[in-house]
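# Kindly generate the corresponding structure for this input.
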Amino acid sequence: MTTALTLPESLGPLCRALRLTDAEAAWLVPAVAAKLTELAGYRPYELVSSDCAFIAFALNPQRLISFRCDPSEIARMRCATAARMLRLGRIGDAATLARGDWAKIIARAATGRLYWVKRSA
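Below is the predicted model of the structure:
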């Protein structure tokens with residue numbers, strides 16, 4: 001019986017199978033984490049603890065410095081996800097995602113602002 005790979009475990013083989021360059025593979029990790037965070041915000045799917053740990057690692061602001069992305073948008077998505085975890089009673093997962101933004105997370109959880117505003121083009 002084979003066990004399913006977790007998301008972080010599956011990215012390495014995927015990068016090799018697609019023959020991604022090191023730069024492409026490095027970009028894939030935060031891109032997948034951001035997309036997972038976004039999808040969990042509006043789909044009938046909830047993150048598991050390993051997903052939260054992956055997102056916290058991949059969307060660490062220090063790791064994102066080399067990529068051209070809006071860190072405030074990434075932080076907003078991460079805080080909204082942490083607030084949802086907090087409202088679900090998953091304090092450990094909320095803490096994993098918090099990154100020192102507890103005031104924002106508690107405010108979001110208290111007011112029900114669990115999602116971010118989607119921008120239109």
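
# In this protein, spot the helix with the most residues.
Secondary structure assigned by DSSP state H gives helix 22-42 as the longest helix of the chain.

# Contacts for it next, please.
For helix 22-42, the external contacting residues (CB atoms under 8 Å, 6 or more residues apart in numbering) are 7, 11, 14-15, 20, 45-47, 51, 54-55, 57-59, 63-64, 66-67, 69, 74, 77-78, 80-81, 84, 114-116. Backbone N, C-alpha and C define where each C-beta goes, glycine included.

# Give me the residue at the spatial middle of the protein.
In the chain, the centroid-proximal residue (CA atoms, centre = their mean) is Ile55; its distance is 3.5 Å.

# got the contact list for the strand or helix carrying Thr81?
For Thr81, the element it lies in under DSSP states H and E is helix 71-87. The contact list for helix 71-87 (CB under 8 Å, 6+ apart) reads 30, 34, 37-38, 40-41, 47, 52, 55-56, 59, 61, 64, 91, 93-94, 97-99, 101, 104-106, 108-109, 113-116.

# how about the residue nearest to the centre of the chain, what does it touch?
Here Ile55 is in contact with Ala33, Leu36, Thr37, Leu47, Arg78, Thr81, Leu97 (CB under 8 Å, 6+ apart).

# pLDDT value on the second one, please?
Translated: Leu36. Leu36 carries a pLDDT value of 89.

# That one: neighbour count?
21 (other CB atoms under 10 Å).

# now the last one
The burial metric for Leu97, expressed as a neighbour count using other CB under 10 Å, is 27.

# which non-adjacent residue is nearest it?
Leaving aside its sequence neighbours, Leu97 sits nearest to Ala82 (CB to CB, 6 or more residues apart in numbering; 3.8 Å).

# Figure out the length between the terminal residues of stretch 63-74.
12 Å (CA to CA, to the nearest Å).

# Since that was my last question, I'll sign off now.
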